[in-house]
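Enquirer: no FASTA, just this:
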């Protein structure tokens, strides 16, 4: 017995809808996400967190007579060789505040190597040709370099300076560079003593004027 033609059409439409739905699900399963609609903004990708290390760099004070510490965060310190190179390059690039740079800005750091307690830093010839000279200026340059590396890498105690891969005798004739320069923090300006905090000041004010008697 044949059904009603209208019922057959409904069954046929339902069958086609189910077939289309299965086709869409199968397509998503095997071919991934459907292509983005034209003009759609792609979802933002998560950025890798920046790996920063706080370091100390020494620059000249305003009078040009002493070294002053400047704290800074730099990238590229996940491995010591790259970190050494990055710190010396930051030192050559100069201070971020009002301190005085110690190196000619056009000087290039060709390489930094460490052998036990001695770091060897190779500069381009611009270190010599662009340096202003003078005994104090040369002292601050070499001790700013030695102290910066020693304070950030305590196993480094002295620095040998090369120019274009060769041992340098001096910068401008005032400091002997034929031997490694040991770190010397006597050139660093003393840091003023920190003022006591409110909590510390309150504890000091509440101390008894006379020592308490011991319990018998």
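Expert: Alright, I've got the coordinates. From a predicted model like this one, the values you see are computed outputs, not experimental measurements. Numbering: from 1, shown residues only.
Enquirer: count of residues packed around the closest residue to residue 180 other than its chain neighbours?
Expert: Among residues not flanking residue 180 along the chain, residue 158 sits closest, at 4.0 Å (Cβ to Cβ, 6 or more residues apart in numbering). To be clear about C-beta, it is placed using only N, CA and C from the backbone, and glycine gets the same treatment. Residues contacting residue 158 under the criterion other Cβ atoms under 10 Å number 17.
Enquirer: next: the one 10 residues further on.
Expert: Around residue 168 sit 19 other residues, with neighbours defined as other Cβ under 10 Å.
Enquirer: what pLDDT does the model give it?
Expert: On the pLDDT scale, residue 168 is placed at 93.
Enquirer: contacts only, for it.
Expert: 128, 161, 162, 177 (Cβ atoms under 8 Å, 6 or more residues apart in numbering).
Enquirer: which of the residues you listed fall within helices?
Expert: Assigned to helices by DSSP state H, the following of the contacts of residue 168 qualify: residue 128.
Enquirer: bridge partners for the residue nearest to residue 180, pull those for me.
Expert: residue 118, residue 182 (DSSP bridges).
Enquirer: just to revisit the earlier point, out of the contacts of residue 168, give me the one that has the most neighbours.
Expert: Most surrounded of these: other Cβ under 10 Å gives residue 161, at 24 neighbours.
Enquirer: tell me which residue lies nearest the centroid of the chain.
Expert: Geometric centre of the chain, nearest residue: residue 74, 1.2 Å, by Cα atoms, centre = their mean.
Enquirer: in terms of helices and strands, where is that residue?
Expert: strand 67-75 (DSSP states H and E).
Enquirer: which other residues reach that strand?
Expert: Against strand 67-75 from outside (Cβ under 8 Å, 6+ apart): 50-61, 83, 86-87, 90, 95-97, 99, 140, 143-144, 147, 151, 187-189, 191.
Enquirer: go again using 6 Å as the cut-off
Expert: 52, 54-59, 61, 86, 90, 95, 99, 144, 187-189 (Cβ atoms under 6 Å, 6 or more residues apart in numbering).
Enquirer: check stretch 119-129 too.
Expert: 88, 104, 106-108, 110-113, 149, 156, 159-160, 162-165, 171.
Enquirer: flag every buried residue along that stretch.
Expert: Using 16 or more other Cβ atoms under 10 Å as the test for burial, stretch 119-129 gives 119, 120, 121, 122, 123, 124, 126, 127, 128.
Enquirer: would you mind giving those residues as JSON lines with pLDDT and distance to residue 41 added?
Expert: Shown next, in JSON lines, are the buried residues of stretch 119-129 (pLDDT from 0 to 100; distance: Cβ to Cβ, whole Å):
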{"residue": "119", "pLDDT": "98", "distance to residue 41": "49"}
{"residue": "120", "pLDDT": "98", "distance to residue 41": "51"}
{"residue": "121", "pLDDT": "98", "distance to residue 41": "48"}
{"residue": "122", "pLDDT": "98", "distance to residue 41": "48"}
{"residue": "123", "pLDDT": "98", "distance to residue 41": "48"}
{"residue": "124", "pLDDT": "97", "distance to residue 41": "46"}
{"residue": "126", "pLDDT": "97", "distance to residue 41": "47"}
{"residue": "127", "pLDDT": "97", "distance to residue 41": "50"}
{"residue": "128", "pLDDT": "97", "distance to residue 41": "54"}
